[in-house]
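Enquirer: this one's sequence-less:
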């Protein structure tokens with residue numbers, strides 16, 4: 001019988017991992033403490049997965065040992081070991097989890113890490129927590145055995161270009177289940193072998209981890225150093241503000257402080273505990289195309305999933321836990337999608353969050369301002385998607401308008417001008433460009449407040465034909481506008497409404513020259529100083545929505561309407577312009593495009609026309 005020695009297999013890191021490790025090893029960070037929190041969080045996830053898989057397969061916990069986490073400092077060997085009795089990893093999982101980074105956002109993380117003076121605030125936001133250990137370790141050895149497997153595997157790396165993996169010996173140091181991570185510390189990281197330092201970090205970051213975290217002393221005695229209690233199950237009267245802050249950082253993996261905390265217990269037909277937080281800064285994955293939420297679902301303190309869609313997409317910035325007493329533990333993905341209890345929980349919790357945001361806006365406007373600044377563009381998605389709460393979300397919304405910043409629709413309606421029956425808005429890509437848009441001119445002359453909307457989502461929710469307090473929202477870029485019943489601020493200009501030129505002949509001439517470049521040409525009631533502007537018809541998308549759809553090649557190609565100011569000298573000159581009439585007509589169209597932030601269809605032709613007109617004017621001069 002021949003004994004085959006286990007072979008050591010060397011593999012390279014994924015390119016992004018190599019770059020990431022190089023940055024971490026050769027950079028200086030102000031708070032290297034975070035590595036321990038990241039490794040404990042990973043260990044907690046492994047224990048959660050074991051508890052969940054053991055529901056269907058109790059044999060995975062064959063020895064009856066409950067999931068736990070241990071920290072073992074060894075000053076003689078200069079090593080710090082973090083062990084867990086969780087689900088463990090097999091050979092391929094070690095390669096996949098520690099040799100590659102599959103999560104989105106990694107390139108962004110590496111880019112921002114290069115630019116940051118202190119990149120510690122980024123760690124934990126991009127799924128690179130394990131690699132933070134290389135800030136304090138010159139070499140890491142990971143030995144893991146997946147629950148139910150006879151084989152254990154060892155992964156090791158010094159943070160260079162690759163790692164080694166081999167079949168582990170079945171000795172006393174090899175876990176019967178779970179993972180051992182041995183950090184061979186750098187000389188300047190010796191403080192992490194001190195018991196008081198380890199306890200300080202655990203209390204600060206990991207006290208609410210649901211599994212015992214034990215610290216082993218020099219004599220091999222272990223003591224638990226975290227509370228390991230489900231904070232969301234405890235009465236609010238027992239908790240202090242700092243408890244919530246620490247819970248938020250632990251549950252959400254965040255580094256900021258929550259702008260809003262929601263903690264309550266629902267009793268009745270369904271019983272569940274809720275602990276939710278609104279961050280004060282944007283998470284990195286806020287604009288992930290999947291629009292997935294990050295609220296964790298527990299059933300009787302057993303972690304089930306963070307992919308249960310417990311909240312609508314427009315509340316995906318909310319972080320926290322919902323712990324049900326009634327749901328079955330063996331929830332499958334299909335049951336998650338169709339479970340009537342989850343539907344009711346989702347509806348009730350969504351309503352409670354919106355109500356809490358209303359209370360925050362009323363009683364703590366400064367804190368609500370933080371939420372709106374970070375997540376207002378996300379909340380506005382709900383105006384389009386959540387018909388049931390549309391009125392409340394509109395009331396919560398804050399707008400920059402021609403009258404000021406952080407204005408509400410309630411304030412807008414209270415300041416309506418005499419005979420004004422609509423709420424006017426203008427959508428575009430920047431406040432500065434909107435403020436100089438000629439479509440504002442007639443409204444400004446009458447002191448009419450206009451909402452200036454610059455978030456891409458604004459073009460979509462405003463297309464829903466909404467109203468607030470009985471006043472419909474109306475775009476200044478779409479359809480007909482009639483301000484004739486609203487008095488001018490300066491009565492001396494009231495006679496300026498009379499056209500200074502022959503409307504029929506001018507419009508006919510412009511139509512003749514522009515042909516099918518526009519859907520129509522008509523006299524404008526929007527303009528007082530500018531010569532022309534482009535608007536959309538009463539039906540179909542607004543100008544801004546049309547522009548956004550066209551950028552993604554999804555536009556229907558609707559021709560715009562050219563509105564002209566008959567009192568403008570450039571417009572009035574067209575009937576007598578002779579050979580220049582065509583150039584003047586195209587100039588009206590192309591300058592309107594430029595004012596809307598678009599390029600003329602043929603920039604070279606535009607430049608030639610402009611040069612001809614300028615040179616003609618110079619020669620006459």
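Expert: Ah, there it is. Remember, predicted model here, so these are calculated numbers, not experimental data.
Enquirer: all strands of the stretch 51-200 of the chain, in order?
Expert: 69-74, 79-84, 137-145, 152-157, 162-167, 178-185 (DSSP state E, counting those that start in this stretch).
Enquirer: do the same with the stretch 251-400 of the chain
Expert: Going by DSSP E, counting those that start in this stretch, the stretch 251-400 of the chain shows strands at 260-266, 272-278, 294-299, 302-305, 319-324, 399-401.
Enquirer: so what are the sheet partners of the fourth one and their directions?
Expert: The partner list of strand 302-305 in its sheet, established with DSSP bridges, is strand 294-299 (antiparallel).
Enquirer: between the strand it pairs with and strand 272-278, how many degrees?
Expert: Put simply, strand 294-299 runs at 170 degrees to strand 272-278, going by axes from the mean of the first three to the mean of the last three CA atoms, to 10 degrees.
Enquirer: average pLDDT for strand 294-299, rounded please.
Expert: Throughout strand 294-299, pLDDT has a mean value of 87.
Enquirer: export the strands of the stretch 51-200 of the chain to a markdown table and tack on mean pLDDT and distance to residue 44?
Expert: Where you see a C-beta, it was placed from the backbone N, CA and C, and this is true even at glycine. Below are those laid out as a markdown table (pLDDT from 0 to 100; distance: least, CB to CB, whole Å):
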| stretch | mean pLDDT | distance to residue 44 |
| --- | --- | --- |
| strand 69-74 | 96 | 7 |
| strand 79-84 | 96 | 8 |
| strand 137-145 | 94 | 15 |
| strand 152-157 | 93 | 20 |
| strand 162-167 | 90 | 24 |
| strand 178-185 | 96 | 12 |
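Enquirer: circling back to that earlier point, would you single out the least confident of the strands of the stretch 251-400 of the chain?
Expert: strand 302-305 (a mean of 75).
Enquirer: before we move on, back to that, wait, which of the strands of the stretch 51-200 of the chain is closest to residue 596?
Expert: strand 162-167 (53.7 Å; CB to CB).
Enquirer: picking up where we left off before, specify the stretch among the strands of the stretch 251-400 of the chain that is closest to residue 288.
Expert: strand 294-299 (10.2 Å).
Enquirer: what's the angle from the closest one to strand 319-324?
Expert: 20 degrees.
Enquirer: contacts for strand 294-299, please.
Expert: The contact list for strand 294-299 (CB atoms under 8 Å, 6 or more residues apart in numbering) reads 230, 251-252, 276, 283, 285, 303-306, 308, 310-311, 316, 318-325, 327-329, 331, 336.
Enquirer: same thing but 6 Å
Expert: 304-306, 308, 310-311, 319-324, 327, 329 (CB atoms under 6 Å, 6 or more residues apart in numbering).
Enquirer: then stretch 409-424?
Expert: 394, 448-450, 468-469, 471-474, 476, 485-486.
Enquirer: quick one: which of the residues you listed sit in strands?
Expert: 450, 468, 471, 472, 473, 474 (DSSP state E).
Enquirer: generate JSON lines for those residues, with neighbour count, distance to residue 269 and pLDDT as supplementary columns.
Expert: Formatted as JSON lines, the ones in strands among the contacts of stretch 409-424 follow (neighbours: other CB atoms under 10 Å; distance: CB to CB, whole Å; pLDDT from 0 to 100):
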{"residue": "450", "neighbour count": "23", "distance to residue 269": "47", "pLDDT": "97"}
{"residue": "468", "neighbour count": "18", "distance to residue 269": "34", "pLDDT": "95"}
{"residue": "471", "neighbour count": "17", "distance to residue 269": "39", "pLDDT": "95"}
{"residue": "472", "neighbour count": "11", "distance to residue 269": "39", "pLDDT": "95"}
{"residue": "473", "neighbour count": "18", "distance to residue 269": "38", "pLDDT": "95"}
{"residue": "474", "neighbour count": "18", "distance to residue 269": "44", "pLDDT": "94"}
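Enquirer: export the residues you listed as TSV, with columns for distance to residue 176.
Expert: As requested, the ones in strands among the contacts of stretch 409-424 are exported to TSV (distance: CB to CB, whole Å):
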residue	distance to residue 176
450	69
468	64
471	69
472	69
473	65
474	70
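Enquirer: give me the neighbour count for residue 579.
Expert: 8 (other CB atoms under 10 Å).
Enquirer: and for residue 606, the neighbour number?
Expert: 19.
Enquirer: quick check: pLDDT value at it.
Expert: 90.
Enquirer: swap in residue 112?
Expert: Residue 112 is given a pLDDT of 52.
Enquirer: and what of the one 5 residues further on?
Expert: According to the model's per-residue confidence, residue 117 sits at a pLDDT of 46.
Enquirer: tell me where the stretch 501-621 of the chain has strands.
Expert: Secondary structure of the stretch 501-621 of the chain (DSSP E, counting those that start in this stretch): strands at 520-523, 532-535, 561-564.
Enquirer: test my guess that residue 447 contacts residue 488.
Expert: No. Counting by CB atoms under 6 Å, residue 447 sits too far from residue 488 to count as a contact (8.7 Å).
Enquirer: hang on, the earlier thing: out of the contacts of strand 294-299, who has the most neighbours?
Expert: residue 321 (28 neighbours).
Enquirer: which regions of the stretch 301-450 of the chain lie under the pLDDT threshold?
Expert: Applying pLDDT under 70 to the stretch 301-450 of the chain picks out residues 329-335, 337.
Enquirer: now do the helices in it.
Expert: 333-338, 340-363, 365-379, 381-385, 390-396, 409-414, 431-435, 441-445 (DSSP state H, counting those that start in this stretch).
Enquirer: adding distance to residue 569 and mean neighbour count, write these out as a markdown table.
Expert: Formatted as a markdown table, these follow (distance: least, CB to CB, whole Å; neighbours: other CB atoms under 10 Å):
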| stretch | distance to residue 569 | mean neighbour count |
| --- | --- | --- |
| helix 333-338 | 64 | 12 |
| helix 340-363 | 49 | 16 |
| helix 365-379 | 42 | 18 |
| helix 381-385 | 43 | 21 |
| helix 390-396 | 42 | 19 |
| helix 409-414 | 36 | 16 |
| helix 431-435 | 24 | 16 |
| helix 441-445 | 16 | 19 |
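Enquirer: quick one, which of these is nearest to residue 197?
Expert: helix 365-379 (32.9 Å).
Enquirer: OK, contacts around residue 620?
Expert: Contacts of residue 620 (CB under 6 Å, 6+ apart): none.
Enquirer: how near is it to residue 580?
Expert: 11 Å (CB to CB, to the nearest Å).
Enquirer: the closest residue in space to residue 75 that isn't next to it in sequence - how many residues pack around it?
Expert: Nearest non-adjacent residue to residue 75, counting by CB to CB, 6 or more residues apart in numbering: residue 193, 5.0 Å away. For residue 193, the count of nearby residues is 17 (other CB under 10 Å).
Enquirer: my read: residue 193 touches residue 77, true?
Expert: No. Taking contacts as CB under 6 Å, residue 193 lies outside contact range of residue 77: 9.7 Å.
Enquirer: any shared contact partners between the two?
Expert: Common neighbours of residue 193 and residue 77 (CB under 6 Å, 6+ apart) do not exist.
Enquirer: ok, back up a step: can I get the contacts of stretch 409-424 in JSON lines with distance to residue 183?
Expert: Rendered in JSON lines, the data for these read as follows (distance: CB to CB, whole Å):
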{"residue": "394", "distance to residue 183": "53"}
{"residue": "448", "distance to residue 183": "65"}
{"residue": "449", "distance to residue 183": "61"}
{"residue": "450", "distance to residue 183": "60"}
{"residue": "468", "distance to residue 183": "58"}
{"residue": "469", "distance to residue 183": "61"}
{"residue": "471", "distance to residue 183": "63"}
{"residue": "472", "distance to residue 183": "63"}
{"residue": "473", "distance to residue 183": "58"}
{"residue": "474", "distance to residue 183": "63"}
{"residue": "476", "distance to residue 183": "62"}
{"residue": "485", "distance to residue 183": "76"}
{"residue": "486", "distance to residue 183": "72"}
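Enquirer: which among the residues you listed gets closest to residue 510?
Expert: residue 476 (21.6 Å).
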